[in-house]
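Chemist: Quick one: sequence plus predicted model below, questions after.
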Amino acid sequence: AYAAKSLRQELTRLIRQQRPDVVVTHDPFAGLTRYEVCYLHPDHRATGQAAFEAAFFCAGGHLFYPDQVAAGLFPHQVAALYLVMSDNPDCYVEISDTFAAKVAAIREHRSQWGQHPDLEGFFRRMAKEVGARWGLPLAEAFRLMHTIGAMAYRRCRQLLLRQAFILFQLPIQTRVQSLH
């Protein structure tokens, strides 16, 4: 029913073109990890899976879609994915200042929400429930996933900082000599 390969290719193109640090998408694994009832609509799951693969694997690799690279869209590694509607959220964002804009955007998604009698109240209750867990008035929950490239960068940076710390613990003469 879904053209997942073409969607993944298009999302890879967009990531390489726009070069975002973060991608927000549906958690394609929600409801699957414990074999519970799957509550994600099929189009949300397909979108989440295609976006996850594009951001996590494809956009940062030169072997994926070489025609894009030949056209000047060079690999770009997204630093993180924020997965919405996750079974295992581990990141919360306070949304009080942006809540009205969120509701206005959802209202425009008429095919899904139509004339919901209490759209704002429905989403406010959800945001309050999530926020209560963290002592926030209104919050949105995500599963935060760092990409392989971002994890490798952080590890290298930690090693460099550790080496720099060790280096600066040495006497000044030793430091100067070891830098040459």
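Modeler: Structure's in. What do you need?
Chemist: and residue 64, how many neighbours?
Modeler: 18 (other C-beta atoms under 10 Å). For glycine as for every other residue, the C-beta is placed from the backbone atoms N, C-alpha and C.
Chemist: meant to ask about residue 144
Modeler: Quick note: residue 144 (other C-beta under 10 Å) scores 14 neighbours.
Chemist: So it is in contact with residue 80, correct?
Modeler: Yes: taking C-beta atoms under 8 Å as the definition, residue 144 is a contact partner of residue 80 at 6.1 Å.
Chemist: Next up, phi/psi of residue 141, please.
Modeler: phi -100, psi 140 (degrees, to the nearest 10).
Chemist: what sits against it?
Modeler: For residue 141, the contacting residues are 84, 86, 89, 91, 92, 130, by C-beta atoms under 8 Å, 6 or more residues apart in numbering.
Chemist: how much space is there between it and residue 133?
Modeler: Spatial separation of residue 141 from residue 133 under the definition C-beta to C-beta, to the nearest Å is 8 Å.
Chemist: shared neighbours, those two?
Modeler: residue 92.
Chemist: Any regions of the chain where pLDDT drops low?
Modeler: Scanning the chain for pLDDT under 70 picks out 1-3, 32-40, 148-180.
Chemist: tell me the contacts of the most centrally placed residue in it?
Modeler: Centroid-nearest residue in the chain, with C-alpha atoms, centre = their mean: residue 81, separated by 1.5 Å. Neighbouring residues of residue 81 by C-beta under 8 Å, 6+ apart: 22, 23, 24, 25, 51, 52, 55, 56, 144, 145, 147.
Chemist: and what of residue 56?
Modeler: Counted by C-beta under 8 Å, 6+ apart, residue 56 has contacts 78, 81, 145, 147, 148.
Chemist: again with residue 94
Modeler: Taking C-beta under 8 Å, 6+ apart as the test, what residue 94 contacts is 131, 136, 137, 138, 139.
Chemist: Report all helices and strands that the helix or strand harbouring residue 51 contacts.
Modeler: Per DSSP states H and E, residue 51 falls inside helix 42-53. Under the contact criterion of 3 or more C-beta pairs under 8 Å, 6 or more residues apart in numbering; DSSP states H and E, helix 42-53 touches helix 4-18, strand 22-26, strand 80-84.
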